[in-house]
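Chemist: I need the structure of the sequence given here:
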Amino acid sequence: MPSTAYHLHLPEKLSSCVVFASPHSGRDYPPSFLGTTLLDKRTIRSSEDAWVDRLFDSAPAHGAPLLRAGAPRAYVDLNRAVDELDPALIEGVRRMGHNPRVASGLGVVPRVVAGGRAIYRGKLSRLEAERRLQQIWRPYHEKLATLLARSHAIFGEAILIDCHSMPREALDGALRNGVPRPEVVIGDRFGASSAIDVVERVEAAFRSAGFVVARNAPFAGAYTTQAYGRPLRNQHAVQVEIDRSLYMDEKTISPSADFEDVRRVLRGVVAELAVLGARDRGQLAAE
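Modeler: Sure, this is the predicted structure:
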């Protein structure tokens with residue numbers, strides 16, 4: 001059975017221009033895929049943004065849709081461009097310039113999981129890669145584009161909150177002396193994917209909830225923010241990365257004892273984010 005492209009959770013009444021998405025939390029592993037990988041069932045999950053979809057699952061209660069991946073990141077990476085194909089993995093693909101993500105094995109069909117561990121023994125056919133893109137990548141992005149277009153048509157603005165998690169060790173090389181370790185990293189591609197007032201409100205929502213927040217370092221946003229962030233057209237895309245160690249055991253990929261507490265705090269953040277919008281910001285400026 002093929003993996004599901006996405007799961008969509010809609011509010012009873014759409015009242016927010018914000019769309020929440022979780023492209024890396026998918027865990028619908030096709031048996032055929034598990035039968036071909038070199039990795040065991042836990043290691044293959046090491047690239048997942050495990051449980052992030054549950055952390056943000058209150059979005060529909062606040063009038064905003066939540067789009068979450070069905071397919072796992074190790075199968076198809078929805079935060080990569082459709083043409084980021086890895087010639088070291090996929091037969092018949094020619095190298096087209098230098099792409100550091102592809103070169104490291106993290107193209108749209110990944111060659112490795114976290115830690116650079118190889119997923120396959122050999123190469124995949126071009127036909128297999130195209131089949132995954134047709135069944136998973138295209139339906140997900142068509143739905144995401146549709147949700148944003150609908151929000152823009154109704155509210156005159158659309159804001160994408162792209163939800164991710166980061167391994168605690170990912171920040172080790174980015175820390176500076178005297179600077180607190182970030183628990184949340186907000187990415188707007190250094191101002192290219194979102195208006196500054198939107199990003200500031202997103203950052204403020206996490207800070208007011210007690211999180212230590214950084215911006216664009218070490219994660220500024222990848223394909224999704226680049227593709228959907230069009231601030232001059234009132235379409236904004238902001239990436240949110242949350243330290244996994246806050247809510248899960250990274251070795252067992254299971255929720256920790258703090259999971260429900262973090263989830264509860266994030267419900268308040270989601271409520272704050274769901275009211276983002278041009279009219280809301282205008283009203284606050286006028287008060």
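
Chemist: right, and residue 170 touches residue 218 too?
Modeler: Yes: taking contacts as CB atoms under 8 Å, residue 170 lies within contact range of residue 218: 6.8 Å. Heads up, the C-betas are built off the backbone N, CA and C, glycines and all.

Chemist: Run a quick neighbour tally on residue 254.
Modeler: 12 (other CB atoms under 10 Å).

Chemist: Which residue ranges of the stretch 1-150 of the chain form helices?
Modeler: Using DSSP state H, counting those that start in this stretch, the helices of the stretch 1-150 of the chain run over residues 31-34, 52-55, 100-103, 126-132, 138-155.

Chemist: where in the stretch 51-200 of the chain is pLDDT low?
Modeler: 173-177 (pLDDT under 70).

Chemist: what about the strands in it?
Modeler: Here the stretch 51-200 of the chain has its strands, by DSSP state E, counting those that start in this stretch, at 66-69, 112-113, 117-118, 158-166, 184-187.

Chemist: got TSV for these, with mean neighbour count and distance to residue 57 too?
Modeler: Compiled in TSV, these are given as follows (neighbours: other CB atoms under 10 Å; distance: least, CB to CB, whole Å):
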stretch	mean neighbour count	distance to residue 57
strand 66-69	26	6
strand 112-113	21	25
strand 117-118	15	30
strand 158-166	25	10
strand 184-187	25	18
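
Chemist: Burial-wise, tell me which of the helices of the stretch 1-150 of the chain comes out on top.
Modeler: helix 52-55 (a mean of 23; mean count of other CB atoms under 10 Å).

Chemist: tell me which strands and helices that helix is in contact with?
Modeler: Under the contact criterion of 3 or more CB pairs under 8 Å, 6 or more residues apart in numbering; DSSP states H and E, helix 52-55 touches strand 66-69, strand 158-166, helix 259-274.

Chemist: Would you convert the helices of the stretch 1-150 of the chain into a markdown table that also reports distance to residue 90?
Modeler: Shown next, in a markdown table, are the helices of the stretch 1-150 of the chain (distance: least, CB to CB, whole Å):
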| stretch | distance to residue 90 |
| --- | --- |
| helix 31-34 | 15 |
| helix 52-55 | 28 |
| helix 100-103 | 10 |
| helix 126-132 | 5 |
| helix 138-155 | 17 |
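
Chemist: quick one: which of these is nearest residue 63?
Modeler: Closest approach to residue 63 among the helices of the stretch 1-150 of the chain is made by helix 138-155 (10.7 Å; CB to CB).

Chemist: tell me what that closest one is packed against?
Modeler: strand 6-9, strand 18-22, strand 66-69, strand 158-166, helix 223-228.

Chemist: could these be laid out in a markdown table, adding distance to residue 266?
Modeler: Formatted as a markdown table, these follow (distance: least, CB to CB, whole Å):
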| stretch | distance to residue 266 |
| --- | --- |
| strand 6-9 | 15 |
| strand 18-22 | 11 |
| strand 66-69 | 12 |
| strand 158-166 | 10 |
| helix 223-228 | 20 |
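
Chemist: To residue 187, which of the ones you listed lies closest?
Modeler: helix 223-228 (6.3 Å).

Chemist: Make sure residue 4 is actually in contact with residue 28.
Modeler: Yes: under the contact definition of CB under 8 Å, residue 4 touches residue 28, with a separation of 4.8 Å.

Chemist: joint contacts of these two?
Modeler: Common neighbours of residue 4 and residue 28 (criterion: CB atoms under 8 Å, 6 or more residues apart in numbering): 70-71.

Chemist: So which elements touch whichever helix or strand residue 214 is part of?
Modeler: Assigned by DSSP states H and E, residue 214 falls within strand 213-215. On a contact count with 3+ CB pairs under 8 Å, 6+ apart, strand 213-215 meets strand 184-187, helix 196-208.

Chemist: gap between it and the chain center?
Modeler: 16 Å (CA atoms, centre = their mean, to the nearest Å).

Chemist: same question, stretch 134-153
Modeler: Worked out by CA atoms, centre = their mean, stretch 134-153 lies 14 Å from the chain centre.

Chemist: Same check on stretch 232-242?
Modeler: 11 Å.

Chemist: go on, stretch 27-42?
Modeler: On CA atoms, centre = their mean, the centre of stretch 27-42 falls 21 Å from that of its chain.

Chemist: do stretch 238-257 as well
Modeler: Worked out by CA atoms, centre = their mean, stretch 238-257 lies 14 Å from the chain centre.

Chemist: In it, which residues are buried?
Modeler: 238-248, 250, 253, 255-256 (16 or more other CB atoms under 10 Å).

Chemist: So which of the residues you listed is the closest to residue 50?
Modeler: The nearest one, if we look at the buried residues of stretch 238-257 relative to residue 50 and count by CB to CB, is residue 253, at 5.1 Å.
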